[in-house]
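Enquirer: this one's structure only:
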């Protein structure tokens with residue numbers, strides 16, 4: 001927007017008229033600077049308050065959608081098992097009236113373990129409007145109830161009922177979309193900057209504790225025994241060298257095998273203990289890296305808005321082109337550069353390869369000198385993108401280098417003529 005606005009002013013010579021009246025570029029862009037400042041501050045509050053709230057709502061809706069059961073869709077000749085403790089098979093369903101033919105229902109919902117089997121010629125099975133109840137209407141069928149008790153292996157009873165019309169209202173759970181509490185979805189993208197700072201402090205303590213608990217036993221007790229300072233100074237000049245490997249080699253076979261078994265057991269225990277603690281430390285580290293990235297992202301975004309304005313406004317004053325042509329092309333080029341650098345830095349910061357400060361601020365560090373340079377050039381009325389200025393510079397260089405090229409050309413021609421005379 002800044003490059004299109006300033007480019008339009010320059011193309012219509014309005015920018016030139018204001019400069020001729022004694023107004024500097026800073027004074028001309030002062031209203032835009034104030035507007036961009038408000039936009040940057042507003043973007044900070046949006047990223048700090050509104051975006052985390054929207055993310056919590058989004059995660060809550062996604063979770064509720066995943067927990068919601070599928071709708072009632074009967075296929076001819078196949079069992080539908082989308083209802084807990086029930087299995088329904090339909091021979092044929094009329095696509096217009098939704099009348100079900102040849103209905104078979106296995107019902108195991110009773111707490112005492114009794115199983116009901118219902119066979120009906122036809123009927124209707126649908127959900128209520130609020131999707132909390134299953135409405136079952138069956139015509140001309142039979143019900144088989146098999147009673148199960150502690151002696152059902154030897155003494156089981158079977159009840160048989162015949163009906164012309166049977167209606168049931170069965171309470172259903174999961175078909176209606178429930179709404180879970182959005183506050184239970186907590187990660188780095190659902191917290192504001194104060195909550196992220198609290199998480200960073202807590203995770204740093206957790207990571208340090210996990211790292212210490214992982215490495216300290218290895219260094220002191222398991223494999224690497226750190227040398228301890230001598231409490232007494234003893235003159236060891238007359239002592240001989242201790243040949244530890246020779247002493248092990250001279251042990252009997254059984255004792256030697258016992259020594260190696262003990263060493264192997266200690267090494268395996270150390271590896272297993274370290275692998276468990278390493279997993280805990282890695283999870284905490286991943287959360288720490290993501291929290292730091294989100295913390296810096298909330299601050300770097302408003303700053304990047306100001307940087308883009310400081311690039312766009314001077315660049316529009318320099319190129320003096322408005323509309324949707326060259327300004328849009330230049331804007332897209334700078335945005336692609338910013339996006340690639342930001343995305344690469346964020347990826348490296350989340351992986352822990354770079355610190356979050358460098359990963360999230362790298363694009364700002366690169367674009368800031370460009371913004372300062374363009375502002376300086378626009379303030380001094382530089383012809384940075386003027387083709388006539390570049391053509392004049394190229395012509396001046398050609399005129400300066402022309403005598404040197406002429407001498408080289410004459411020397412080559414003279415040498416070629418001399419060789420030709422010698423050959424003749």
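Expert: Great, that's in hand. Computed from a predicted structure; not experimentally measured.
Enquirer: what about residue 338, how many neighbours?
Expert: When counting by other C-beta atoms under 10 Å, one arrives at 18 neighbours for residue 338. From N, CA and C alone the C-beta is placed, and that goes for glycine too.
Enquirer: that one and residue 332: what is the separation?
Expert: Taking C-beta to C-beta, to the nearest Å as the measure, residue 338 falls 11 Å from residue 332.
Enquirer: likewise for residue 253?
Expert: From residue 253 to residue 332 the distance is 78 Å (C-beta to C-beta).
Enquirer: got the contact list for residue 355?
Expert: Taking C-beta atoms under 8 Å, 6 or more residues apart in numbering, we find residue 355 in contact with residue 349.
Enquirer: redo that, cut-off 6 Å
Expert: Contact analysis of residue 355 by C-beta atoms under 6 Å, 6 or more residues apart in numbering lists nothing.
Enquirer: and it, how far from residue 34?
Expert: Distance of residue 355 to residue 34, computed by C-beta to C-beta: 34 Å.
Enquirer: next, residue 72: secondary structure please.
Expert: When classified by DSSP: H, G, I helix; E, B strand; the rest coil, residue 72 comes out as coil.
Enquirer: excluding chain neighbours, what is closest to it?
Expert: In space, and not counting its chain neighbours, residue 72 is closest to residue 127: 6.1 Å by C-beta to C-beta, 6 or more residues apart in numbering.
Enquirer: so what's the one you found scoring on pLDDT?
Expert: At residue 127, the pLDDT value in this model is 81.
Enquirer: same thing with the one 10 residues further on?
Expert: Residue 137 is assigned a predicted lDDT (pLDDT) of 89.
Enquirer: any idea how far the nearest residue to it once chain neighbours are set aside is from residue 173?
Expert: For residue 137, ignoring the flanking residues on the chain, the nearest one in space by C-beta to C-beta, 6+ apart is residue 124 at 4.6 Å. Applying C-beta to C-beta, the value for residue 124 to residue 173 is 21 Å.
Enquirer: and for residue 332?
Expert: According to C-beta to C-beta, residue 332 and residue 173 sit 52 Å apart.
Enquirer: one more: residue 36?
Expert: Here residue 36 is placed at a distance of 53 Å from residue 173 (C-beta to C-beta).
Enquirer: neighbour count winner among those two?
Expert: residue 36 (21 against 10).
Enquirer: secondary structure class for that one?
Expert: helix.
Enquirer: for this structure, what spans make up the helices?
Expert: 2-11, 14-20, 25-28, 30-45, 51-67, 193-217, 244-249, 253-319, 326-351, 356-379, 387-423 (DSSP state H).
Enquirer: so for residue 253 and residue 332, which sits in the more crowded spot?
Expert: Shown here are residue 253 and residue 332; by other C-beta under 10 Å, residue 332 has more neighbours (10 against 7).
Enquirer: check contacts around that one.
Expert: Counting by C-beta under 6 Å, 6+ apart, residue 332 touches no other residue.
Enquirer: ok, it to residue 297 distance?
Expert: For residue 332, the distance to residue 297 - C-beta to C-beta - is 22 Å.
Enquirer: got it, and residue 5?
Expert: 28 Å.
Enquirer: again, but for residue 34
Expert: In terms of C-beta to C-beta, residue 34 sits 25 Å off from residue 297.
Enquirer: how deep is the closest residue to residue 41 other than its chain neighbours tucked in, by neighbour count?
Expert: Of all residues not flanking residue 41 in the chain, residue 302 sits nearest, at 6.8 Å (C-beta to C-beta, 6+ apart). Residue 302: 21 surrounding residues under other C-beta under 10 Å.
Enquirer: same check on residue 167?
Expert: Using other C-beta under 10 Å, residue 167 has 11 neighbouring residues.
Enquirer: for it, which non-adjacent residue is spatially closest?
Expert: Among residues not flanking residue 167 along the chain, residue 137 sits closest, at 5.3 Å (C-beta to C-beta, 6+ apart).
Enquirer: phi and psi next, for residue 191.
Expert: Backbone torsions of residue 191, given as degrees, to the nearest 10, read phi -130, psi 150.
Enquirer: check it and give its pLDDT.
Expert: Looking at residue 191, the pLDDT reads 84.
Enquirer: any idea how far it lies from residue 185?
Expert: Between residue 191 and residue 185 the distance is 11 Å, computed by C-beta to C-beta.
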